[in-house]
Structures are given as structure tokens and as C-alpha cells.
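Trainee: Below is the sequence, then the predicted model.
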Amino acid sequence: MRVFLQQDETANVFAKQLLDIGNNKVAVDTSTGFITLSTDFCHITHSKEELIQRVFPDIPQKFNNDNWLGERAILAAKNKGVEDLNATIQNFLPGQLVSFKSVDTVINQDDVINYLPEFSNSLELSRLQPHNLQLKTGSVVMMLCNINQPRLCNGTRLVVKKLMNNVIEATIIKGKYKGEEVLIPRIPMISTDLPFDFKRLQFPLRLVFAMTINKSQGQSLEVCGINLEFPCFAH
């Protein structure tokens, strides 16, 4: 982990604390296997609701501020925790929730009888767009593939500005092209992670008010919440 805290006198202390944890220099409770973080390491919250309020305070009033949205996110260990957090945070935004459902097609026609559309619609894979993508104007989303490098590539974060049937207008909120407005179409993506291949036609986007720790690699955040509801290394 690389941490850059410019003009912050506590940066050296925080960096040393991270190294001590990584180098196993922090005492471990033998009965639980857990460590106790020092009081100056981070702010501990006692519920997901409090965590959301700490990271996204007054979001119904501030969601129009792209800079404010771009500097914060909540990280979690599992996709399930991320999905719940994203749905909860998005509900704070004003406006109507719009659902975009994908069109799923089994590529090998011999498999059509074995894998009905209802089954493929139920598949939720981390590398694939969700079947039922629910968005509002002001939602923070991330690109899941490269469609216009280097402007629109996997990992680019954007804020939704306008929702239409076959195209979404959004503004890039991080990186070299920050502030640029782009149009994102529905595109087909083929999954090869299953015993059969199928194609999903959907917007290549996923909500990222919250994201997995793995997906956060390469992102720059000024305000970062971490949801440790589920143990990170349970496997």
C-alpha cells in the first residue's frame, strides 16, 4: 500500500503504523486472532449507517459537486457488502430510479435449451455488467471495460448526468480527462468464466459509491471508509 499525505504532519506516524501492521509488530489477541488499532489510526464507526454518514455527509445536497463525489468512496471485502452499500447510498439521491435490464444470449445454440434466459439473467459476475443496472442522475459509476482508450477505460470513474434508453451521458471525475463529458452506449460483453459462453448486452458500468478493495487499486481517494463487516481473509 502506498500512502501519500501531503502537508500532513501525521503522515510519518500513519505510514509507520501501516508498516508495523504489515510486519506483524502489532500485538495479536490470542483468543480472537485480532489486533487492536490505536485510537489515532482511524475513526471507528459502530454501524454501516454511521460509516455512510462519515464518508458521504449531506449527500442529498452535495451530489451535484463532482469534485466532492470524486474524492471519496467506501471499500469492502466482498461484492455482497458493496452492493448493499451502493443501493443504500444511491437511495439518498433525489430523483427517480431508472432500471436498465440486459439482453443475455447463449452463444452456442446447442446450450440454449440447458440455459434459459432466466438463468443467465440471474448471473452476477464481478467482471460483467449487472443484469439489472439501477441508476439515478448523480450516481457514481465505474467503467468495466475499455471502449475509448485512454479516455474511457476499465476503472474510469464517472458521475451520471443524463439517463436515456440506449446511451448514458456522464462526466469523468478523476484522472487526466477529469471534467470531460462522454456518452456511453450499451455494448456486448462475453463471459468465459462459466461452463458455457454467453453474451450480455448492457451498459459497461457498475455503481461505485462503494467498491471492493480489489477494485480500488489504482484509485485516488481523499476520504476513504472501510467496511470490515466481513473478514477480509476468511478464505
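Mentor: Ah, there it is.

Trainee: can we go C-alpha only for contacts and neighbour counts from here?
Mentor: Fine.

Trainee: in the chain, what secondary structure element scores lowest on mean pLDDT?
Mentor: Among the helices and strands of the chain, helix 117-121 carries the lowest confidence by mean pLDDT, DSSP states H and E, at a mean of 75.

Trainee: Give the next helix or strand downstream of it.
Mentor: The helix or strand immediately downstream of helix 117-121 is strand 132-135, counting by DSSP states H and E.

Trainee: could you dump that following strand to PDB, C-alpha only?
Mentor: Written as PDB, here are the backbone C-alpha positions of strand 132-135 (Å, rounded to 0.1, in the frame of the first residue of the first chain):
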ATOM      1  CA  ASN A 132     -30.500  -5.100 -13.700                       C
ATOM      2  CA  LEU A 133     -28.500  -1.900 -13.600                       C
ATOM      3  CA  GLN A 134     -30.300   0.700 -11.500                       C
ATOM      4  CA  LEU A 135     -29.100   4.300 -11.600                       C
END
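
Trainee: quick revisit: residues in contact with the least confident helix or strand of the chain: which ones?
Mentor: With contact meaning Cα atoms under 8 Å, 6 or more residues apart in numbering, helix 117-121 is reached by Ser102, Asp104, Thr105, His131, Phe198.

Trainee: Going by distance to Ala73, which of those wins?
Mentor: Sorting the contacts of helix 117-121 by distance to Ala73 puts His131 at the head of the list, at 23.3 Å, by Cα to Cα.

Trainee: From Pro94, how far out is the closest one?
Mentor: 23 Å (Cα to Cα, to the nearest Å).

Trainee: out of these two, which sits in the more crowded spot?
Mentor: Each of His131 and Pro94 had its neighbours counted (other Cα atoms under 10 Å), and the higher figure belongs to His131 (22 against 14).

Trainee: Identify each of the strands in this structure and give its residue range.
Mentor: Across the chain, reading from the start of the chain, the strands by DSSP state E fall at 72-76, 98-101, 103-106, 132-135, 140-143, 157-163, 167-172, 181-185, 187-191, 198-202, 205-207, 210-212, 223-227.

Trainee: Those: which one's closest to His46?
Mentor: Of all these, it is strand 223-227 that lies closest to His46, at 10.5 Å by Cα to Cα.

Trainee: Out of the contacts of helix 117-121, which is nearest to Gly70?
Mentor: Comparing those against Gly70 with Cα to Cα picks out His131 as the nearest, at 25.4 Å.

Trainee: Cool, thanks, talk later.
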